[in-house]
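Q: please find the sequence and the predicted model below.
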Amino acid sequence: MRDIWSFLLQTLTASGAAVLLLVVKAMFRDKLSPRWQFAVWSVLGLVLAFPAGLGGRHALVNWALLLEAAKSLLTGDYGTLIRVNAPVPLLPPSLPGDAAQWLFLFYTAGVWFFLIRYLLAYLRLRRALRRGRPADPAPLEAAAERYGLPACPAVEVEGLSTAFVCGVFRPVLALPAGGEPEEKVLLHELLHLKYRDAAWGLVICLFRCIHWCNPLLWYCAGQAGNDLESLCDQRVLERLEGEERREYGRILLSMADERYACAPGTSSVANGGKNIRRRIEAIARFKRYPSGMALVSVCVALVLAGPLTVG
């Protein structure tokens, strides 16, 4: 993206795909598993990762035609076509010469602002973890052995209200200082560790930064984080039985952490209190989905991914 028009083409194309996915997800909310509810966001990720209008193709709405008409009307430029060379903003070769170029420069500055903001938040968090003291490894190792999951170093940090995994390549489990952590909380975080959910959180933060001025895509990023947490809850419940599942719902109330919600590079993707109620309701209606639904999920995802990515 080298100008404001190519950015508009990219973000509007992604917005059209996002609206379709939100409608389809609402239709299948209680029919397909949390695995599908989160996996379907990968379709939007593909739309965001590829340049819009590639090869003259479009999906759902011919945004290129509408934007060409708007550009010609507003600027009088009929000679150049709107093209998206890359799904990320590229600095223009020269200083801005008109209002549209200044607007694109403002957008690019906003991308860097949010990137630096998230980076500083992550560095502050890592510094806080370095000040923590090593946690007793016995409870973590016992939970990892019982459920057959990988473990990582753990530290106790003052001021934390819940546990979370921090880091993608050298993950560390951050635990609240004082008291022994609940086994089910450790199970939840070990599952985040096994499936590298911190990396997914990093991808979500990156898309937030690139499309910081699109409220629809910010909403979708929040929903993707919520679905990732619901998927982790589903994986936990599949390993628990009877009364243990109800106990997990009670423990979930203590896992809300507004301070580090949506922190980049952590499993605290959507631990804010607003999402806890929805997750507890999902636990109350927990069910094991039949294996045949996996094929249905794949078929639905392919039907959506094909036309949205290739036009």
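A: That came through, no problem.
Q: what ranges do the helices span in the protein?
A: Secondary structure of the chain (DSSP state H): helices at 4-27, 34-39, 41-49, 63-75, 99-130, 137-147, 183-194, 197-210, 215-237, 243-252, 273-284, 292-310.
Q: deepest-packed of these, please.
A: helix 183-194 (a mean of 23; mean count of other CB atoms under 10 Å). All C-beta spots, glycine's among them, are computed from the backbone N, C-alpha and C.
Q: contacts for that helix next, please.
A: Helix 183-194 has contacts (CB atoms under 8 Å, 6 or more residues apart in numbering) with 139-140, 142-144, 146-147, 149-152, 162-165, 171, 173, 198, 232-233, 235-236, 239-240, 244, 247-248, 251, 255, 267.
Q: could you list the low-pLDDT ranges of the stretch 151-300 of the chain?
A: 253-265, 267-294 (pLDDT under 70).
Q: among the helices of the chain, which is nearest residue 88?
A: Residue 88 sits nearest to helix 197-210 of all these, at 6.0 Å, using CB to CB.
Q: okay, the closest one in PDB with CA atoms only?
A: The C-alpha trace of helix 197-210 is given here as PDB (Å, rounded to 0.1, in the frame of the first residue of the first chain):
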ATOM      1  CA  ASP A 197      -1.600 -19.400  21.300                       C
ATOM      2  CA  ALA A 198       0.800 -16.600  22.200                       C
ATOM      3  CA  ALA A 199       1.900 -16.500  18.500                       C
ATOM      4  CA  TRP A 200      -1.800 -16.200  17.400                       C
ATOM      5  CA  GLY A 201      -2.100 -13.300  19.800                       C
ATOM      6  CA  LEU A 202       0.900 -11.700  18.200                       C
ATOM      7  CA  VAL A 203      -0.700 -12.100  14.700                       C
ATOM      8  CA  ILE A 204      -3.900 -10.500  16.000                       C
ATOM      9  CA  CYS A 205      -2.000  -7.500  17.400                       C
ATOM     10  CA  LEU A 206      -0.200  -7.100  14.100                       C
ATOM     11  CA  PHE A 207      -3.500  -6.800  12.200                       C
ATOM     12  CA  ARG A 208      -4.800  -4.400  14.800                       C
ATOM     13  CA  CYS A 209      -1.900  -2.100  14.100                       C
ATOM     14  CA  ILE A 210      -2.100  -2.300  10.300                       C
END
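Q: give me the number of residues near the closest residue to residue 13 other than its chain neighbours?
A: Using CB to CB, 6 or more residues apart in numbering and skipping residues adjacent in sequence, the residue nearest residue 13 is residue 52, 3.8 Å away. Residues lying near residue 52 (other CB atoms under 10 Å) number 28.
Q: look up how far residue 224 lies from residue 52.
A: 20 Å (CB to CB, to the nearest Å).
Q: returning to what we had before: is it possible to get a markdown table of the helices of the chain that adds distance to residue 88?
A: Below are those laid out as a markdown table (distance: least, CB to CB, whole Å):
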| stretch | distance to residue 88 |
| --- | --- |
| helix 4-27 | 9 |
| helix 34-39 | 24 |
| helix 41-49 | 10 |
| helix 63-75 | 18 |
| helix 99-130 | 8 |
| helix 137-147 | 38 |
| helix 183-194 | 27 |
| helix 197-210 | 6 |
| helix 215-237 | 14 |
| helix 243-252 | 37 |
| helix 273-284 | 29 |
| helix 292-310 | 18 |
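Q: excluding its backbone neighbours, what's nearest the residue most central in space within the chain?
A: Nearest to the geometric centre of the chain sits residue 204, at 3.4 Å (CA atoms, centre = their mean). Closest residue to residue 204 apart from its sequence neighbours, by CB to CB, 6+ apart: residue 221 at 5.0 Å.
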